[in-house]
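Participant: build me a model:
(chains A and B)
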2 protein chains.
Amino acid sequence: MRFNRKQDAYGREVYDYHRHGTGCEIVEREDGYIDISSGPAAYFRDFDDWKPYEKKAMAFARGRVLDVGCGAGRVSLYLQKKGHDVLGIDISPLAAKVSLERGVKRVRVMSVTGVSSSLGLFDTIVMYGNNFGLLENPKRAKWLLGRFRAITREGARIIATSTDVYNTDKRCHLDYQRANRRRGRMSGQVRLRVRYQTYATPWFDYLLVSPDEMRKLVDGTGWRVAKVFTSRGPVYTAVIERID
Amino acid sequence: MRFNRKQDAYGREVYDYHRHGTGCEIVEREDGYIDISSGPAAYFRDFDDWKPYEKKAMAFARGRVLDVGCGAGRVSLYLQKKGHDVLGIDISPLAAKVSLERGVKRVRVMSVTGVSSSLGLFDTIVMYGNNFGLLENPKRAKWLLGRFRAITREGARIIATSTDVYNTDKRCHLDYQRANRRRGRMSGQVRLRVRYQTYATPWFDYLLVSPDEMRKLVDGTGWRVAKVFTSRGPVYTAVIERID
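Facilitator: Coordinates of the predicted model:
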């Protein structure tokens, strides 16, 4: 699975920002809610300008690294410089191209569901920029966490950011969460697409969870949430350790 | 005609910016093109920070003023301070509310199509922020320019900004213009809606014309384009004089 040209809204936006330093990322939710995200500028930020919860958790990276949804390569570049062997993967051909142009040594265009031991084994899996969301729903989360066990070595860690969706007082978000629960979805199982000019990704589920929900989700998969770094606001980083 | 609550995306955005200084205006075109505009920050700018073509043309305002699509009231406030008697109109109840809160003395919630001599007679009609676009299409433009004659006095002026749509090299815009001409519309007769969070205006036509197209459009309506102020970029101000 990879985005075709018209679907690669995300990659086009990253590519244009790389070339011209302009543009913004528009995210549309299935209920009609629409807003701009912190991208693409945030995807290009140097380590010094990352959020405190992103910086602190980087100290837990070790060994060979898989950077899931590497975007413009900010995490891969940082960890490469620290001496790690890093593989970046992204479903977006243009984002992958930008990562390569910016100096990420190894990048593959692929969905996270395509990972297998043919990529070799990893000690760290990074899912920054809310990319814990790529687990999509509880069923797929369990399946993917199992897959992550199969491609990691003993003592491996997943370092992932997510968003505590309950940390809001916005009526439109709380309404959407309630509608989600009513139809048997998790509160933060948000159905989104990214739009940029005439480009639009397919609609996809993106899973935003509170730290407690993450603990429950991870339970029984051979992983455990070992540490949570928060700061003001709903976004946080979790360090998830493999149970050996 | 006035926007209902869910349709007042534009007003909600202006209102939130007035209250919190945050938010952005997302504009969607019928072909799926989507982008942010310069609003809402631009709607609140003081005269000193306006574009040169906006500032220069203000010298042509005289007498009693109708500010069409007054938004957050920047033009009304400026001309009021200069001693003009100003009436601001806007289809958005929330934008009107913000204009009043910011000190515009007279504001009416109404569509430009509702103007009549019951509002009294004017010496100047201002359509800033690309609001020449509210003429929508050639047929309505002719009709509205006639209506503008009926509510103005001798020597009156329309001071309006528009965008020369041919001044672009963006493929997606040129494609859209071509599609418009093919179906008998003007190149810059763009079908849009404004979106903000879960709010969305109805789809509406917005007419963007080159100075030459404006001259042709105005021809035979009892008005003539007397002056055009341009600067770098496609947006410009026209001073349109009533022929008496």
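Participant: next, give phi and psi for the most centrally placed residue in chain A.
Facilitator: Most central in chain A under C-alpha atoms, centre = their mean is A:N131, positioned 1.3 Å from the mean C-alpha point. Dihedral angles of A:N131 (phi, psi; degrees, to the nearest 10) stand at phi -80, psi 0.
Participant: how close does it sit to chain B?
Facilitator: Going from A:N131 to chain B by C-beta to the nearest C-beta, to the nearest Å gives 23 Å. C-beta coordinates here come from the backbone N, C-alpha and C atoms, glycine included.
Participant: tell me which parts of chain A are close to chain B?
Facilitator: A:24, A:26, A:31-36, A:172, A:195-198, A:200 (C-beta under 8 Å from any C-beta of the partner chain).
Participant: which of the residues you listed are buried?
Facilitator: Buried by 16 or more other C-beta atoms under 10 Å in any protein chain shown: A:24, A:26, A:33-35, A:172, A:195-198, A:200, out of the residues of chain A next to chain B.
Participant: the residues you listed in strands, which ones?
Facilitator: Among these, the residues falling in strands (DSSP state E) are A:26, A:34-35, A:195-196, A:200.
Participant: show me which of the residues you listed is closest to B:G120.
Facilitator: Distances from B:G120 to those, taken as C-beta to C-beta, are shortest for A:I34 (39.9 Å).
Participant: pLDDT weak spots in chain A?
Facilitator: A:1 (pLDDT under 70).
Participant: buried residues in the lengthiest strand in it, which are they?
Facilitator: Counting by DSSP E, the longest strand found in chain A is strand A:152-163. The neighbour-count check on strand A:152-163 (16+ other C-beta under 10 Å) flags A:152, A:156-163 as buried.
Participant: next one: stretch A:51-71
Facilitator: Neighbour counts over stretch A:51-71 (16+ other C-beta under 10 Å) mark A:51, A:53-54, A:57-58, A:60-61, A:64-71 as buried.
Participant: how long is that stretch from one end to the other?
Facilitator: 17 Å (C-alpha to C-alpha, to the nearest Å).
Participant: now do stretch A:4-15
Facilitator: Taking C-alpha to C-alpha, stretch A:4-15 runs 15 Å from one end to the other.
Participant: excluding chain neighbours, what is closest to A:T161?
Facilitator: Nearest residue to A:T161 in three dimensions, chain neighbours excluded: A:T237, at 4.9 Å (C-beta to C-beta, 6 or more residues apart in numbering or on different chains).
Participant: before we move on, which element is the one you found in?
Facilitator: strand A:235-242 (DSSP states H and E).
Participant: against which helices or strands is that strand packed?
Facilitator: Applying 3 or more C-beta pairs under 8 Å, 6 or more residues apart in numbering or on different chains; DSSP states H and E, we find strand A:235-242 packed against helix A:52-57, strand A:152-163, helix A:211-218, strand A:223-230.
Participant: and those as a markdown table, adding distance to B:M110?
Facilitator: Output for the helices and strands packed on strand A:235-242, formatted as a markdown table (distance: least, C-beta to C-beta, whole Å):
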| stretch | distance to B:M110 |
| --- | --- |
| helix A:52-57 | 50 |
| strand A:152-163 | 42 |
| helix A:211-218 | 49 |
| strand A:223-230 | 49 |
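Participant: can you check which of those gets nearest to B:G220?
Facilitator: With C-beta to C-beta as the yardstick, what comes closest out of the helices and strands packed on strand A:235-242 is strand A:152-163 (58.5 Å).
Participant: and the angle from that closest one to strand A:223-230?
Facilitator: Relative orientation of strand A:152-163 versus strand A:223-230 (axes from the mean of the first three to the mean of the last three C-alpha atoms, to 10 degrees): 40 degrees.
Participant: what pairs with strand A:152-163, and is each one parallel or antiparallel?
Facilitator: strand A:122-127 (parallel), strand A:235-242 (antiparallel) (DSSP bridges).
Participant: can you tell me what sits against it?
Facilitator: With contact meaning C-beta atoms under 8 Å, 6 or more residues apart in numbering or on different chains, strand A:152-163 is reached by A:53-54, A:57-58, A:60-63, A:121-133, A:148, A:188, A:207-209, A:214, A:223, A:226, A:234-242, A:244.
Participant: for chain A, which segments count as helices?
Facilitator: Secondary structure of chain A by DSSP state H: the helices cover A:9-20, A:52-57, A:74-81, A:93-101, A:138-150, A:171-182, A:211-218.
Participant: just want the angle from the first one to helix A:93-101.
Facilitator: Here helix A:9-20 runs at 40 degrees with respect to helix A:93-101, directions being taken by the same axes, to 10 degrees.
Participant: counting by contacts, list what helix A:9-20 packs against.
Facilitator: If you count contacts as 3+ C-beta pairs under 8 Å, 6+ apart, helix A:9-20 packs onto helix A:93-101, strand A:189-196, strand A:199-200.
Participant: how close does the residue of chain A positioned farthest from its centre sit to B:V225?
Facilitator: Distance from the C-alpha centroid of chain A, by C-alpha atoms, centre = their mean, peaks at A:R182 (26.1 Å). A:R182 sits 57 Å away from B:V225, going by C-beta to C-beta, to the nearest Å.
Participant: repeat that for A:D48.
Facilitator: In terms of C-beta to C-beta, A:D48 sits 53 Å off from B:V225.
Participant: now for the closest residue to A:Y78 other than its chain neighbours, how many residues are close by?
Facilitator: Counting by C-beta to C-beta, 6+ apart, A:F47 is the residue found nearest to A:Y78 once chain neighbours are left out, at 4.9 Å. By other C-beta atoms under 10 Å in any protein chain shown, 15 other residues sit near A:F47.
Participant: which residues does A:F47 contact?
Facilitator: Shown in contact with A:F47 (C-beta under 8 Å, 6+ apart): A:55, A:58, A:74, A:78.
Participant: same thing with A:P234?
Facilitator: Taking C-beta under 8 Å, 6+ apart as the test, what A:P234 contacts is A:163-168.
Participant: tell me the one of the buried residues of strand A:152-163 nearest A:L94?
Facilitator: The shortest approach to A:L94 among these belongs to A:T161, at 22.6 Å (C-beta to C-beta).
Participant: what about the closest one, distance to A:G155?
Facilitator: For A:T161 relative to A:G155 (C-beta to C-beta), the value is 21 Å.
Participant: now for the residues of chain A next to chain B: which two are most distant?
Facilitator: Taking C-beta to C-beta, no two of the residues of chain A next to chain B sit farther apart than A:C172 and A:T198, at 26.1 Å.
Participant: in stretch A:119-130, what's buried?
Facilitator: A:119, A:122-130.
Participant: just stretch A:100-117 next, same as before
Facilitator: Residues A:104, A:106-107, A:109-110, A:112, A:115 are the ones in stretch A:100-117 that count as buried (16+ other C-beta under 10 Å).
Participant: can I get it in PDB, CA atoms only?
Facilitator: The C-alpha atoms that make up stretch A:100-117 are tabulated as PDB, following Å, rounded to 0.1, in the frame of the first residue of the first chain:
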ATOM      1  CA  LEU A 100      16.200  11.000   1.500                       C
ATOM      2  CA  GLU A 101      17.000  14.400   0.100                       C
ATOM      3  CA  ARG A 102      17.500  15.700   3.700                       C
ATOM      4  CA  GLY A 103      20.000  13.000   4.500                       C
ATOM      5  CA  VAL A 104      18.100  10.000   5.900                       C
ATOM      6  CA  LYS A 105      20.200   7.100   4.700                       C
ATOM      7  CA  ARG A 106      17.500   4.300   4.500                       C
ATOM      8  CA  VAL A 107      13.900   5.000   3.700                       C
ATOM      9  CA  ARG A 108      11.200   2.600   2.400                       C
ATOM     10  CA  VAL A 109       7.800   3.600   1.000                       C
ATOM     11  CA  MET A 110       5.400   1.300   2.800                       C
ATOM     12  CA  SER A 111       2.500   1.100   5.300                       C
ATOM     13  CA  VAL A 112       3.200   0.200   8.900                       C
ATOM     14  CA  THR A 113       1.200  -3.000   8.200                       C
ATOM     15  CA  GLY A 114       3.800  -4.100   5.800                       C
ATOM     16  CA  VAL A 115       6.600  -4.400   8.400                       C
ATOM     17  CA  SER A 116       8.100  -7.900   8.700                       C
ATOM     18  CA  SER A 117      11.400  -9.500   9.700                       C
END
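Participant: having no further points to raise, I will conclude here.
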